[in-house]
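Chemist: sequence and predicted model, in that order:
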Amino acid sequence: EQQLVESGGGLVQPGGSLRLSCAASGFSRVSFSEYWMHWVRQAPGKGLVWVSRIVGDGSSTSYADSVRGRFTVSRDNAKNTLYLEMRSLRGEDTGIYFCARGRAVGRFDLWGQGSLVTVSS
Amino acid sequence: QSALTQPASVSGSPGQSITISCTGTSSDIGAYDYVSWYQQYPTEAPKLIISDVANRPSGVSDRFSGSKSGNTASLTISGLQADDEADFYCASYTTSRTLVFGTGTTVTVL
């Protein structure tokens, strides 16, 4: 079964840092390294917001304006794992962070269960 | 990048058809045929139901259909059923090489 499992969420103070991981498994016919991967977040009771994307070989990344310069997306294809390094965290970064498999232009066809990040003092 | 605009809520009776609109700009929906739609139940991850404006992934009910005209995309649910009660989100690729989601629509089956 193909699945994505996020980890690394938790409570962090404003200005702090956190690293999320997303472990992929069960990608049979097409390997993890051939997919664009994305991060999407959802504040409590609010809608979905796209955060970042990374190409299969890690050579190209994009970010939403709200996180550019503070968040860094990366991947380790040998470990089938996607990462999101978050720095200078703010209260408005609070929410569930989902990793999603897709194409460069979207089409998120596989999602993780999400990891909760709470930024509060 | 501002969120795409969706109605906050849409309702209908079982068996009826409803349509959810998703309005963007010439820099996102109007620029490409890369609009997708997602269904999300409470406490669950979203599920892809439409991609590339009107394509249904394997396993998705044919009661869901998508279309686009200009800067507005639409999702139609026909033969409304009780388990269609969920939140629905549109998303589009943008000319800034980013993605943007809609504000979300809660569907209620009366």
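Modeler: Thanks, I have it. Residues are numbered from 1 along each chain as shown, chains lettered A, B, ... in the order given.
Chemist: quick one: contacts for the spatially most distant residue from the centre of chain B?
Modeler: Computed with Cα atoms, centre = their mean, the residue of chain B farthest from its C-alpha average is B:S96, at 21.4 Å. Shown in contact with B:S96 (Cβ atoms under 8 Å, 6 or more residues apart in numbering or on different chains): B:1, B:27. Using the backbone N, CA and C atoms, a C-beta is placed for each residue, glycine as well.
Chemist: helix or strand for the residue most central in space within chain A, which one?
Modeler: Centroid-nearest residue in chain A, with Cα atoms, centre = their mean: A:W39, separated by 3.2 Å. Using DSSP states H and E, A:W39 falls within strand A:36-42.
Chemist: and the contacts of that strand?
Modeler: Residues outside strand A:36-42 that contact it (Cβ under 8 Å, 6+ apart): A:20, A:22, A:48-56, A:73, A:75, A:82, A:84, A:93, A:95-104, A:108, A:114, A:117, B:46, B:99, B:101.
Chemist: within the sheet, what are the partner strands of that strand, with directions?
Modeler: Here strand A:36-42 has these sheet partners by DSSP bridges: strand A:48-54 (antiparallel), strand A:95-103 (antiparallel).
Chemist: tabulate those strands (JSON lines), appending mean neighbour count.
Modeler: Formatted as JSON lines, the strands paired with strand A:36-42 follow (neighbours: other Cβ atoms under 10 Å in any protein chain shown):
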{"stretch": "strand A:48-54", "mean neighbour count": "24"}
{"stretch": "strand A:95-103", "mean neighbour count": "23"}
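Chemist: now these as JSON lines including mean pLDDT?
Modeler: Shown next, in JSON lines, are these (pLDDT from 0 to 100):
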{"stretch": "strand A:48-54", "mean pLDDT": "98"}
{"stretch": "strand A:95-103", "mean pLDDT": "97"}
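Chemist: could you dump the ones you listed to a markdown table with distance to B:E85?
Modeler: A markdown table is the format used below for the strands paired with strand A:36-42 (distance: least, Cβ to Cβ, whole Å):
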| stretch | distance to B:E85 |
| --- | --- |
| strand A:48-54 | 18 |
| strand A:95-103 | 21 |
